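In: Quick one: sequence and predicted model below, then my questions.
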Amino acid sequence: MALTLAEFLLLPSVRQARPEVAVPPARLGATVRWVHSSEIYEIGPLLSAGDLLLTTGLGLAGVDAGARRHWVRELAAQRVSAVAMELGRSLPDLPGEILDEATRHGLPLYVLRQVVPFIRISEEANGAILHADAPRLRLADQVVHEVHAALAAGGGTPAVVSCAAAVTGGPAALVTRSGQVVAAAGLRDQRATERLLRRPAASSPVRIWDVDWGSVLLGPGPGCDLPGLRVLAARLASVAAVAVGQSGTGTPGDLAAPLLADLLADAVPGVRELLVRAGLARFHPSPDARVLGIAASAPDPRQVLATWAHVASTHDLELLADRVRGEAVGLVAVPAAPDRPDPAGWLASVLPAAGAVTTVGPEVPVADAGRSLREAHDALPVATLLGRGTAVTRDLTLLRLLGRLDDRALALLVDDALSPLLAWDAAHGSDLVQTLAVLLRHGGGRTRTADALHVQRQSLYLRLARIEALLGRPVDDPTSHEHLVVATSARALLDARAGQQRSRHRRLGG
C-alpha cells in the first residue's frame, strides 16, 4: 500500500534486473500492496488486489497455450498490480498467448532481462513497504487507543471522530448509509461538512452484524498523509461499529434522528437494517404490534416530543421520536388489543390536539414503518394549512390530492358545483356552503351535523331545504355525493390559502 508501481521499478534490485514493459499499466501511481515470488501454476487465487508477482514462468513451461491464458485471466481477476517475468531459465521468450491475454485483460506485464535473485527484490520492496507503513500504523494505534479510552469514559460515538480529528488535524465524520451525520469534528461550517460528504480523502464502511450501517469519513490534515488516512479509516470503522452498537437514543442526531431521516428519504434498504438500527435506537416493537408514523408542526418541537414521550409512557407504547429538519417525527408501536380495532384513530384520540398540528400515518407492520412515516410527514402541510389539530392521514387523502392544484383549478371545481350556494351566501350573509361541508363530513347524519354547527335541528332542516332548492336536487342524492365532497373540500383549501396569504401580508406590514 505504501509503494507505487513507479517506485517499485526504481528500486536498485529491480533496475538491475533490466525490466522492460510488455503491457503498460493504466497508471504508474497504482499501489503495490506486497511483492510475492512464486512458480506454482495455481498462484492466482492466493493473491490479493495490489499484489505484484515475480516469476520465472517455471509453472508455465510444461502447459499448453490455453492453460497459460487461464493463468493470466486468474491473475487479472485478482486485480494484481503487475506481473514481472524473468526470461531465460524457464521461458527463453515471452509466449505470445501470455502477451495477448494480458493485453486483452489490461494486466500490467514486465519482462526481466537480467537474472537477479527474487529474494533480493522481495526483501527490498517489502522492506520499503513496511518501513513506510510503520509510522502510519503507529499513528492508527495511537488514535484507536485514545478512542477506546474515551469510549470507556462514556464518550459515545463523538469520541470516534474527535480523537481522529485531533491527531490528523483534519475533519472527520461518522455518517449513516444515506449520509446523515451522526458525529463530526474538525468541520468549520456546513459547506465544509458537505465537502467532506462529497469527497472524503479516506472512508471505510461501518458494519454491524453484517449490515452496512454507515461509514467513517476522514478529510486531509497536516498530521497524516493519504495512505495513513486510509489505514486509520479502516481501523476506526471497527471501533465505530462497537461505539454505535453501545449507543442509545437521548440526544438529537445520535441514532434516532438519522434513522428517522433515512426513513423519510426512503433510504433504509431492507428490513434487517431497519430492525438493527431501530434496536440500536432502543425501539423494540413486539411482533404483533402495528407501527404508525407520526409528524407534528409546532413552535417548539421539544414540547411535542415530551408530550409524545408522556403518552407512550402512560399507554405502555414503544416510541422512537426526534427532531428532523425542525419538525417532530416519530414511530409508535401500538400492541394489538381488543379495545383498539383502529390503532390510527385510537392514537389520534390520545395525542393532544392543542399546541401543535399532528398527523398520524396508517397502521403497518414494522417492515413498512417508513411508508407510514412518510405518509404522516407528507400530510403535515395540508393539515397545518387547515389547522386540523390531530388528524389521521386517511381523512386527508382527498385534500392532499386537491392540494396539488392551483387556486384557479380549485375555483373551477367550486364554482361548477356550488355557485348557487356561494351566490346566496354572498347576498344574504348565510353559511350554506359550510353547512353542506359539515353534513358531508358527518356522513349525512343530521343530529351530529347540528351538534357540530351548534344549531337546533329545526334550523338545520331549514338550511338543508334551502340548499336543496338552490342545487335542484337532494343533498343525499348518491349521484352527486362525490361531486359535492370534492367541491366543499376544494372550497376549504381555497379559504385556508386565502387566510394564509392575509396572515403573511400582516406579518410583512402590508
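Out: Cool, the structure landed.

In: going forward, measure contacts and count neighbours with C-alpha atoms only.
Out: Will do.

In: residues contacting Ile98?
Out: By CA atoms under 8 Å, 6 or more residues apart in numbering, Ile98 lies in contact with Arg68, Arg69, Val72.

In: Return the member of those nearest to Gln180.
Out: Using CA to CA, Val72 is the member of the contacts of Ile98 that lies nearest Gln180, at 43.1 Å.

In: Ser37 versus the closest one, what's the distance?
Out: Distance of Val72 to Ser37, computed by CA to CA, to the nearest Å: 15 Å.

In: Check which element follows the helix or strand of the chain with the lowest mean pLDDT along the chain.
Out: Ranked by mean pLDDT, DSSP states H and E, the weakest helix or strand in the chain is helix 271-280, scoring a mean of 78. Following helix 271-280 in sequence order, the next helix or strand is strand 290-297 (DSSP states H and E).

In: I'd like to know which elements that next one is packed against.
Out: Helices and strands touching strand 290-297, by 3 or more CA pairs under 8 Å, 6 or more residues apart in numbering; DSSP states H and E, are strand 327-334, strand 357-360, helix 369-386.

In: Out of these, which one sits most buried?
Out: Most buried of the helices and strands packed on strand 290-297 by mean neighbour count (mean count of other CA atoms under 10 Å) is strand 357-360; its value is a mean of 30.

In: Low-confidence regions, the stretch 301-450 of the chain specifically.
Out: Residue ranges of the stretch 301-450 of the chain with pLDDT under 70: none are present.

In: Tell me where it has helices.
Out: Along the stretch 301-450 of the chain, the segments classed as helices by DSSP state H, counting those that start in this stretch run 301-314, 343-350, 369-386, 397-402, 407-428, 432-441, 446-453.

In: Which of the residues in the second one are classified as buried?
Out: By neighbour count, with 16 or more other CA atoms under 10 Å as the criterion, the buried positions of helix 343-350 are Pro343, Ala344, Gly345, Leu347, Ala348.

In: and it, what does it pack onto?
Out: Where contact means 3+ CA pairs under 8 Å, 6+ apart, helix 343-350 is packed against strand 357-360, strand 390-392.

In: And Val72 and Ser37? Which one has more around it.
Out: Per other CA atoms under 10 Å, whichever of Val72 and Ser37 has more neighbours is Val72, with 22 against 18.

In: ok, the more buried one touching Thr103?
Out: No - when contacts are counted by CA atoms under 8 Å, Val72 is not listed as touching Thr103 (9.9 Å).

In: Export stretch 139-147 to PDB, keeping only CA atoms.
Out: Extracted C-alpha coordinates of stretch 139-147, given in PDB (Å, rounded to 0.1, in the frame of the first residue of the first chain):
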ATOM      1  CA  LEU A 139      -0.500   6.700  14.400                       C
ATOM      2  CA  ALA A 140      -3.600   4.500  13.800                       C
ATOM      3  CA  ASP A 141      -2.800   2.600  17.000                       C
ATOM      4  CA  GLN A 142      -2.500   5.800  19.000                       C
ATOM      5  CA  VAL A 143      -5.900   7.100  17.700                       C
ATOM      6  CA  VAL A 144      -7.600   3.800  18.400                       C
ATOM      7  CA  HIS A 145      -6.100   3.700  21.900                       C
ATOM      8  CA  GLU A 146      -7.500   7.200  22.600                       C
ATOM      9  CA  VAL A 147     -10.900   6.200  21.200                       C
END
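
In: for that stretch, what is the average pLDDT?
Out: Confidence for stretch 139-147, expressed as mean pLDDT, is 89.

In: Equivalent analysis for stretch 172-189, please.
Out: In this model, stretch 172-189 has a mean pLDDT of 85.

In: what does it contact?
Out: So stretch 172-189 is contacted by 157-158, 160-162, 164-166, 169-171, 193, 197, 212-219, 240, 253-255, 258, 261-262, 267-268 (CA under 8 Å, 6+ apart).

In: Pull out the buried residues from the least confident helix or strand of the chain.
Out: Glu273, Leu274, Leu275, Val276, Arg277, Ala278, Leu280.

In: Next: stretch 84-104.
Out: Buried positions in stretch 84-104, judged by neighbour count with 16+ other CA under 10 Å: Ala84, Met85, Glu86, Leu87, Leu94, Glu97, Ile98, Leu99, Glu101, Ala102, Thr103.

In: which ones among the residues you listed are found in strands?
Out: Under the assignment DSSP state E, the buried residues of stretch 84-104 contribute Ala84, Met85, Glu86 to strands.

In: Just after the helix of greatest length in the chain, pick out the following helix or strand.
Out: Ordering each helix of the chain by length in residues (DSSP state H) puts helix 118-152 first. With elements assigned by DSSP H and E, the helix or strand that comes after helix 118-152 is helix 158-168.

In: what's the angle from the helix or strand following that following helix to helix 158-168?
Out: The C-terminal neighbour of helix 158-168 among helices and strands, as given by DSSP H and E, is strand 172-176. Using axes from the mean of the first three to the mean of the last three CA atoms, to 10 degrees, the direction of strand 172-176 lies 150 degrees away from that of helix 158-168.
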